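S.K.: Please work out how this folds:
(one chain, ligands or ions: 1)
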Amino acid sequence: MSGFCPELSGDVAEVRDWVHAFARDVVRPAGAEWDEREETPWPVIQEAAKIGLYSLDFFATQWFEESGLALPVAFEEIFWGDAGIGLSIVGTGLAAAALSANGTPEQMGEWLPQMFGTENDIKLGAFCASEPDAGSDIGSIRTRAVPDGGDWIINGVKTWATNGGIANVHVIVASVDPALGTRGQATFVIPPGTPGLSMGQKFRKHGIRASHTAEVVLDNVRVPGSCLLGGRDKLDARLARVRNGERAGEQGAMRTFETTRPVVAAMAVGIARAAYEYARDYAREREQFGRKIGENQAIAFLLAEMATRVDVARLLTWRAAWMARNGRQFEQAEGSMSKLVAGETAVWVTEQAIQILGGAGYTRDHPVERFHRDAKIYTIFEGTSEIQRLIIGRAVTGLPVR
Ligand SMILES: Cc1cc2nc3c(=O)[nH]c(=O)nc-3n(C[C@H](O)[C@H](O)[C@H](O)COP(=O)(O)OP(=O)(O)OC[C@H]3O[C@@H](n4cnc5c(N)ncnc54)[C@H](O)[C@@H]3O)c2cc1C
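M.R.: Here you go, the predicted model:
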């Protein structure tokens with residue numbers, strides 16, 4: 001197996017250029033409007049579906065691309081366009097990753113197409129792990145799944161779910177044995193229209209406002225045994241191993257986060273790059289004291305730092321994505337490193353971009369204030385920056401850091 005090489009293959013570069021054109025022509029121009037509307041941008045998702053960007057085929061093809069760089073590269077471009085719309089387009093992909101990480105081939109074949117729908121009948125997917133009392137501490141999940149004959153009955157409240165309540169297919173993490181914490185959890189698919197699943201409150205947010213985030217209430221939701229991802233035999237065998245004090249491997253929610261961290265990092269890289277480029281172009285034009293503001297070292301050095309940090313974040317992201325795709329173990333929590341650095345970079349770079357634009361940057365006449373609001377979520381979801389440091393800290397010290 002060859003080593004990591006950050007040179008894109010012709011196919012990946014082609015996808016990058018194709019996605020960039022869509023982000024530039026369709027996503028970026030719609031960003032401000034859907035941010036203000038705080039609604040799911042269905043027409044933009046449909047445009048993405050028409051060109052095949054919002055489709056199972058696109059996600060599956062890019063997911064299995066051999067270098068592992070295809071999805072991060074594509075996500076960077078979409079989020080360069082706009083992060084709120086971007087999350088509306090790729091949110092289903094995160095739910096699909098959760099399903100793929102835990103489901104059997106039959107379950108993937110049945111449910112993945114129903115998450116995406118068709119270009120004339122768009123559907124969404126949602127991944128629901130977080131709860132009011134279980135955010136970073138995912139082991140405290142209270143949603144309970146109890147077997148009943150061949151079925152499962154699920155009760156609980158999920159929160160912060162991207163596409164929650166408006167998705168066709170929900171992927172839910174529930175506890176089957178609360179005494180075992182994360183090791184007693186299982187992941188279920190809730191089929192479209194299942195009685196008992198409803199949307200709770202929809203959240204009004206600081207950023208990524210075109211992306212729908214809501215509570216999902218599960219009230220005596222009955223699903224057939226076939227909705228338990230991975231199947232009953234596998235779950236029973238795992239629970240038996242845990243009860244015998246043996247290692248059980250990673251659990252549903254954790255496994256999902258491991259696979260998705262580099263692609264989430266790539267979203268943050270896209271936002272950071274957008275802000276950097278906007279500020280750079282502004283600094284080349286804006287004049288004060290009879291010269292371009294970019295001629296001042298104070299501004300040029302800041303832009304130098306911004307450009308460098310964006311590249312650092314991207315390289316860490318590509319390394320983690322390459323490792324994940326090529327079966328390399330994350331020995332130093334490289335997935336978490338990419339998410340940590342990309343998230344913090346996006347927040348920092350977008351703030352500096354506002355500074356470079358001065359008063360103009362603080363207004364909604366320019367997109368950098370929106371980029372800044374959008375960036376902040378990347379130090380919070382898919383594991384906060386503190387949790388990423390915890391994971392990296394444990395990996396590098398080998399100690400049970402708390
Ligand atoms: C817009 C949005 C979309 C989301 N989408 C989804 C989704 O689709 N599906 C889903 O399941 N979840 C989703 N989430 C939830 C997200 O993953 C959680 O918000 C996140 O995991 C943090 O949990 P929390 O909000 O409960 O914060 P808490 O866990 O309450 O953390 C609060 C603060 O305490 C810190 N902290 C907690 N524990 C420790 C510790 N041990 N050491 C040091 N610091 C600590 C945290 O870092 C943070 O700063 C979304 C959230 C938002 C806001």
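
S.K.: Wait, a strand at residue 8?
M.R.: No: counting by DSSP: H, G, I helix; E, B strand; the rest coil, residue 8 is not part of a strand but coil.

S.K.: List the contacts of it.
M.R.: 16, 67, 69, 73 (CB atoms under 8 Å, 6 or more residues apart in numbering). To be clear about C-beta, it is placed using only N, CA and C from the backbone, and glycine gets the same treatment.

S.K.: Ranking by neighbours, what's the top pick from those residues?
M.R.: Highest neighbour count within the contacts of residue 8: residue 69, with 28 neighbours (other CB atoms under 10 Å).

S.K.: Would you mind listing what in the stretch 51-200 of the chain touches the ligand?
M.R.: 127-130, 135-136, 160-162 (CB under 6 Å from any ligand atom).

S.K.: what's the answer for the stretch 251-400 of the chain, then?
M.R.: 377, 380-382, 384, 386-387, 390.

S.K.: could you flag which of those residues are buried?
M.R.: 377, 380-382, 384, 387, 390 (16 or more other CB atoms under 10 Å).

S.K.: Point out the least confident one among the residues you listed.
M.R.: Taken together, these show their lowest pLDDT at residue 382, with 93.

S.K.: For that one, which residues are in contact?
M.R.: 257, 260-261, 264, 339.

S.K.: Name the nearest of these relative to residue 109.
M.R.: residue 260 (21.0 Å; CB to CB).

S.K.: tell me which element that closest one is part of?
M.R.: helix 252-285 (DSSP states H and E).

S.K.: Would you tell me what the next helix or strand after that helix is?
M.R.: Counting by DSSP H and E, the next helix or strand C-terminal to helix 252-285 is strand 287-288.

S.K.: Residue 49 - nearest residue in space that isn't next to it in sequence?
M.R.: Distances taken as CB to CB, 6 or more residues apart in numbering put residue 119 closest to residue 49, at 4.0 Å, once the chain neighbours are dropped.

S.K.: and if you look at residue 386?
M.R.: The shortest distance from residue 386 to any non-neighbouring residue, by CB to CB, 6+ apart, is to residue 136 (7.6 Å).

S.K.: Could you list which of the buried ones among the residues of the stretch 251-400 of the chain next to the ligand belong to helices?
M.R.: Counting by DSSP state H, these place 387, 390 in helices.

S.K.: Just give the nearest non-adjacent residue to residue 372, would you?
M.R.: Nearest-residue entry for residue 372: residue 350, 3.9 Å, with adjacent residues in sequence omitted and distances by CB to CB, 6+ apart.

S.K.: quick one: contacts for the residue of the stretch 201-350 of the chain found nearest the ligand?
M.R.: The ligand sits closest to residue 213 of the stretch 201-350 of the chain, with a gap of 4.4 Å, by CB to the nearest ligand atom. By CB under 8 Å, 6+ apart, the residues touching residue 213 are 160-162, 164, 202-203, 205.
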